[in-house]
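A.B. asks: sharing a model prediction with you, sequence too.
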Amino acid sequence: MATFISWNCRGFMSKSSELKDIINKHHPACIAVQETYLKTDKHYIRNYKIFSKHHNRDRASGGVAILAANYISSMPLTLNTNLQAVAIHIQMHSLVTVCSLYLPPNDRVSRTDLNNLISQLPSPFIILSDLYGHSPFWGSTDANSRGLQIEQLLADHNLCLLNSDEKTNISTYQPESFTQSISQFVLHFSCLSSV
């Protein structure tokens, strides 16, 4: 079984040692990374291809990437969206679409933009993301407007939310907590289309 990881790194270059630790421990097929803070595509991670989209600002901020293991056939999927999203096709037992999505907490995201993104992802697909949405549906004590928006998106598109009820905000400064919870973190905001 392939491992997929989603990680808000808050700075790709400054967290390279943590990224290497994750790769060495879990040997993931794909790593979806949010808040990469990258401004160029000139980055290298051994044994992985990098597909990225940079946030359009004067300074390095936001941004998303997908690292796909070299042993898996992968190719980029062009998305027509202003959202911070990047997608690829990977060949597992069948062709699967993988999307890395970041929705900053203070950005207003329209239902139309989210529906448009979903419509561009061929099935089956998985979205690995950091959405800043809270809802009792996935273990939060209360709901915020983003959480309600995500609930509606799941219902509108008949998507499955993979969730382990584990907390997803895990400090990388506490390595034991981080490594014990990584698999739960991977699944929290992942949506898999019905097949």
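C.D. replies: That came through fine. Numbers count the residues shown, from 1 in each chain.
A.B. asks: ok, now which ones touch residue 22?
C.D. replies: Residue 22 is in contact with 5, 7, 28, 31, 182, counting by CB atoms under 8 Å, 6 or more residues apart in numbering. (C-beta placed from N, C-alpha, C; glycine too.)
A.B. asks: swap in residue 12?
C.D. replies: Contacts of residue 12 by CB under 8 Å, 6+ apart are 19, 33, 36-38, 43, 63, 65.
A.B. asks: please report phi then psi for it.
C.D. replies: Phi and psi for residue 12, reported as degrees, to the nearest 10, are phi -60, psi -50.
A.B. asks: ranking helices and strands of this protein by mean pLDDT, which lands last?
C.D. replies: Within the chain, no helix or strand scores below helix 175-187, which has a mean of 33 by mean pLDDT, DSSP states H and E.
A.B. asks: and stretch 22-33, which residues are buried?
C.D. replies: 22-23, 26, 28-33 (16 or more other CB atoms under 10 Å).
A.B. asks: quick one on the thing from earlier: least confident of the contacts of residue 12?
C.D. replies: Scanning the contacts of residue 12 for pLDDT, the low point is residue 43. It has 69.
A.B. asks: any idea of the mean pLDDT for stretch 148-157?
C.D. replies: 89.
A.B. asks: ok, residues contacting that stretch?
C.D. replies: With CB under 8 Å, 6+ apart as the criterion, stretch 148-157 contacts 109, 111, 114-115, 118, 131, 133, 135, 137, 143, 159-161, 189, 191, 193.
A.B. asks: can I get the CA coordinates of the host helix or strand of residue 112 in PDB?
C.D. replies: Assigned by DSSP states H and E, residue 112 belongs to helix 111-119. In PDB, the C-alpha atoms belonging to helix 111-119 read as follows (Å, rounded to 0.1, in the frame of the first residue of the first chain):
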ATOM      1  CA  ARG A 111     -17.800  28.000  -3.300                       C
ATOM      2  CA  THR A 112     -17.400  28.600  -7.000                       C
ATOM      3  CA  ASP A 113     -13.600  28.400  -6.800                       C
ATOM      4  CA  LEU A 114     -13.700  25.200  -4.900                       C
ATOM      5  CA  ASN A 115     -16.300  23.600  -7.200                       C
ATOM      6  CA  ASN A 116     -14.200  24.700 -10.200                       C
ATOM      7  CA  LEU A 117     -11.100  23.000  -8.700                       C
ATOM      8  CA  ILE A 118     -13.000  19.700  -8.000                       C
ATOM      9  CA  SER A 119     -14.400  19.700 -11.500                       C
END
